[in-house]
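[1] Below: sequence and its predicted model.
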Amino acid sequence: MGCWAIGGPFWNGDVPVGYSGTNDADSTKAVHAAWAAGVRVFDTSAVYGAGHSETLLGEALRDRPDAVIVSKFGHSFDAESKQMTGPQYDAAYIEDSVDQSRRRLQRDRIDVMLLHLNGLAVEDAMPVFDTLEALRSRGSIAAYGWSTDFPDSVNAMAGRDGFIAVQHAMNIFVDAPSLSAAAEAHDLVQLNRSPLAMGVLTGTFSDGRRVPKDDIRSNDADWQNYFESGSASPDYARQLDALRDLITAGGRTLGQGALCWLLAKSPNTLPIPGAKNAEQAEENAAALDYGPLPAEIMAEIEVVLTRGPEGPARAR
């Protein structure tokens, strides 16, 4: 379960970088419903909701010591104003950020800690991962990785003993063959970011509805093209219609079919769909009951889908 949305709104200046329409009661029920449905991995970040996602998740899972928690660091913030305050990755900041995350998550040790700066230069990242290795030796974290869409970054760090995972954008609309190949070569877990294309692949926005102005999807950032001016991209909405019968095979919902497409890509793939309420969490988890899409449907999807060339690596 991805826990960006349950952090609620936060801001980078005047730009919304969180999700609107959340409340803590529904968010807590979503976490509990995900757990009851068999979900055991929960992905969050210190910056989501300016610390609020970690706090809420920590409270919801405080009696679940066997839950696997993935968190991230690198974007500093002010919790009171809910404002991002810029990238930070010096050793003192990393150590303090991990300690603060452990406190909010109510954990002595965080299972996986990811660098959250997608495009950080490899030479700048080297000392970051030295610090993470020291924290692993100290017992503050069990393992680490990078949230990045750059294969060269993965290749540069994957030889480290504690480096076990890469988080990257991937869904039916946005395949990531080069990044996936790098992860497979090093036997890394692939945590799939935006597995439902920020909600477009669920079909919820196919009627042209707009998201509120305090929602990240109203922000036409260059790293996301799922939404345009707050509405689902017309091209993606058209492609979803063309795929509808294929990905709903066997009784799957659209969202479940999109998750099952990812499950079919690799045994090391782990989609992290978000959920704001129990119903969404249960629907996402039920994709596991259906399992990966069959090979013949996967092949037909590639015939029907209009996907551009992968192009040079970029943050997504």
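    Right, received. Where do you want to start? Numbers count the residues shown, from 1 in each chain.

[2] My guess is residue 244 contacts residue 253. True?
    No. If you go by CB atoms under 8 Å, residue 244 and residue 253 don't touch, sitting 10.6 Å apart. Quick note: C-beta positions are derived from backbone N, CA and C, even for glycine.

[3] And these two? Which one has more around it.
    residue 253 (17 against 13; other CB atoms under 10 Å).

[4] The more buried one and residue 260, how far apart?
    Distance of residue 253 to residue 260, given as CB to CB, to the nearest Å: 10 Å.

[5] residue ranges for the helices of the stretch 151-300 of the chain, please.
    Here the stretch 151-300 of the chain has its helices, by DSSP state H, counting those that start in this stretch, at 151-157, 177-185, 234-247, 254-265, 278-285, 287-290, 295-304.

[6] and among those, the most buried is which?
    When these are scored by mean count of other CB atoms under 10 Å, the highest mean neighbour count falls to helix 254-265 (a mean of 24).

[7] Can you tell me what sits against it?
    170-172, 180, 192, 195-197, 201-203, 240, 243-244, 246-249, 252, 269, 271, 273, 283-284, 286-288, 290-295, 298, 301 (CB atoms under 8 Å, 6 or more residues apart in numbering).

[8] Distance from that helix to the middle of the chain?
    15 Å (CA atoms, centre = their mean, to the nearest Å).

[9] Could you check the angle that helix makes with helix 234-247?
    Using axes from the mean of the first three to the mean of the last three CA atoms, to 10 degrees, the inter-axis angle of helix 254-265 relative to helix 234-247 is 70 degrees.

[10] Helix 254-265 - what's its average pLDDT?
    Averaged across helix 254-265, pLDDT comes to 98.

[11] And for stretch 234-249?
    Here the average pLDDT along stretch 234-249 is 96.

[12] which ones are touching residue 160?
    129, 133.

[13] Neighbours of residue 23, how many?
    12.
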